[in-house]
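>>> Fold the following and give me the result.
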Amino acid sequence: MKKFLVMFSLAGMILFGSSNGAFAASNTYKVKSGDSLYRIAKTYKISVNNLKKWNNLKSNTIHPNQNLKVSKATTSKPVVKKAQTTSSKSSKLKVVKTITVTATAYTANCKRCSGITATGINLKKHPNLKVISVDPKVIKLGTKVYVEGYGYAIAGDTGGAMRGKKIDIFVPSYKKAIQWGRKTVKVKILK
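Predicted structure coming up:
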């Protein structure tokens, strides 16, 4: 549940911009509450795998006040992203690939639903974030996408039924999930 919340918060910050002035001036970063490996990796323009390798991490779990190496040898400056409007997103992001998928919808408000995505995003705390559930073999987790009829989103979750060219879009209510139904849509993979 905590991992889901962390990743959801991270996805929101990435999608809608964030700034954090508390970065160390060296090649280390002190973890704050709500941080995730994904967000830290994106901020420093490094991979999560390198971040885990440099810090001898066996899982994606991190804790507040933990010091992490964020570069191998040289000092990295964090990238502070500013909030982007939808129109500026389309002009700054490049479409790498377009695929046609079957899209259904899901919500975090059901019995036995934790509300935490596979990447740690807390959908219950952030019901307005746009997150899709994917087959990571087709669309990698953490990928920014544009879904026809849904908008800009992040591939932040997986599911048992997500095999092949299928996605599940996150919506905040059961009613909206039913309204979405099952559709064939185009998904633009962005970079």
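>>> what's the domain layout of this protein?
Following automatic domain parsing, one finds the domains of the chain at 19-69, 86-190.
>>> can you redo those domains as a markdown table with mean pLDDT and mean neighbour count?
Bear in mind the C-beta positions are built from the backbone N, C-alpha and C, glycine included. Shown next, in a markdown table, are the domains of the chain (pLDDT from 0 to 100; neighbours: other C-beta atoms under 10 Å):
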| stretch | mean pLDDT | mean neighbour count |
| --- | --- | --- |
| domain 19-69 | 78 | 15 |
| domain 86-190 | 86 | 17 |
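>>> Restricting to C-alpha, output the longest strand seen in the chain in PDB.
The longest strand of the chain (DSSP state E) is strand 95-106. Output in PDB follows, covering the C-alpha atoms of strand 95-106 (Å, rounded to 0.1, in the frame of the first residue of the first chain):
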ATOM      1  CA  VAL A  95       5.600  10.400 -30.200                       C
ATOM      2  CA  VAL A  96       7.800   7.300 -30.400                       C
ATOM      3  CA  LYS A  97       5.200   4.800 -31.300                       C
ATOM      4  CA  THR A  98       1.400   4.500 -31.700                       C
ATOM      5  CA  ILE A  99      -0.400   1.300 -30.900                       C
ATOM      6  CA  THR A 100      -4.100   0.300 -31.000                       C
ATOM      7  CA  VAL A 101      -5.300  -1.400 -27.800                       C
ATOM      8  CA  THR A 102      -8.500  -2.500 -26.100                       C
ATOM      9  CA  ALA A 103      -9.100  -0.200 -23.200                       C
ATOM     10  CA  THR A 104     -11.300  -0.700 -20.100                       C
ATOM     11  CA  ALA A 105     -11.500   1.300 -16.900                       C
ATOM     12  CA  TYR A 106     -10.900   0.600 -13.200                       C
END
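>>> which outside residues touch it?
Applying C-beta atoms under 8 Å, 6 or more residues apart in numbering, the contact partners of strand 95-106 are 133, 138-139, 146-147, 149-150, 159, 165-171, 176-178, 180-191.
>>> Parallel or antiparallel, list what pairs with the helix or strand following that strand.
Going down the chain from strand 95-106, the next helix or strand is strand 131-133, by DSSP states H and E. Applying DSSP bridges, strand 131-133 is found paired with strand 151-157 (parallel), strand 166-170 (antiparallel).
>>> Take these and lay them out in a markdown table including distance to Thr117.
A markdown table is the format used below for these (distance: least, C-beta to C-beta, whole Å):
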| stretch | distance to Thr117 |
| --- | --- |
| strand 151-157 | 4 |
| strand 166-170 | 8 |
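>>> among those, which is nearest Tyr44?
Among these, strand 151-157 comes nearest to Tyr44, with 18.2 Å by C-beta to C-beta.
>>> so how far is that closest one from its chain's centroid?
How far strand 151-157 lies from its chain's middle: 7 Å, per C-alpha atoms, centre = their mean, to the nearest Å.
>>> Next: stretch 144-154.
The answer for stretch 144-154 is 12 Å, by C-alpha atoms, centre = their mean.
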